[in-house]
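Engineer: here is a sequence together with a model predicted from it:
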Amino acid sequence: MHTGIAFALATLICWGLWGFLGKLGSRSISPGHLLLLTYTGIVLVYPVVLALYAQGFNPEWRAPDHYYALASGLVCGLGFPLFYLALSGGDATRVVVITATYPVVTVLLALLFLHEPFTLKIGIGTALSIAGILMLST
């Protein structure tokens with residue numbers, strides 16, 4: 001199996017468990033406390049990431065890509081409380097599927113700002129994702 005596919009499948013399992021375990025926690029924990037406990041879990045993983053990748057880490061903060069990476073973490077972190085608020089107020093079967101269509105946002109932004117090629121497959125896949133969001137949100 002190709003390494004990229006193996007990591008993608010591992011990510012799929014982790015993120016699937018994240019949504020499921022988050023919903024379990026939301027049954028008796030407020031979204032705020034759920035968020036604090038989630039960030040505690042993330043902090044526990046951080047030393048491992050630091051040990052694996054920090055050697056030679058010295059970003060040039062003048063380079064815009066470093067700011068994009070930092071902004072990526074910020075918007076990801078902002079998504080957590082919104083996700084838990086959604087889980088607390090809705091069914092996991094709807095909330096997780098709707099939020100899992102986030103690549104539609106990436107595709108649209110990549111088409112508009114990165115001028116990535118638009119193909120029939122991308123168009124059909126994006127349209128089906130949007131149709132799925134509309135079906136699940138009613």
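Structural biologist: That came through fine.

Engineer: buried ones in the top helix by length along the chain, by neighbour count?
Structural biologist: Longest helix of the chain, by residue count under DSSP state H: helix 64-89. Going by neighbour count (16 or more other Cβ atoms under 10 Å), the buried part of helix 64-89 is F80, F83, Y84, L85, A86, L87, S88. Backbone N, C-alpha and C define where each C-beta goes, glycine included.

Engineer: following that helix, which helix or strand comes up?
Structural biologist: Scanning forward in sequence from helix 64-89, with DSSP states H and E defining helices and strands, the next element found is helix 92-99.

Engineer: ok now that following helix, how far from the chain's centre?
Structural biologist: 13 Å (Cα atoms, centre = their mean, to the nearest Å).

Engineer: and that helix, what does it pack onto?
Structural biologist: Under the contact definition 3 or more Cβ pairs under 8 Å, 6 or more residues apart in numbering; DSSP states H and E, helix 92-99 sits against helix 3-26, helix 64-89, helix 120-136.

Engineer: give me the average confidence score over that helix.
Structural biologist: pLDDT averaged over helix 92-99 equals 88, rounded to a whole number.

Engineer: orientation of it relative to helix 3-26 in degrees?
Structural biologist: Between helix 92-99 and helix 3-26, the angle formed by their directions is 130 degrees, by axes from the mean of the first three to the mean of the last three Cα atoms, to 10 degrees.

Engineer: so helix 92-99 versus helix 120-136, what angle?
Structural biologist: Between the axis of helix 92-99 and that of helix 120-136 there is an angle of 140 degrees, by the same axes, to 10 degrees.
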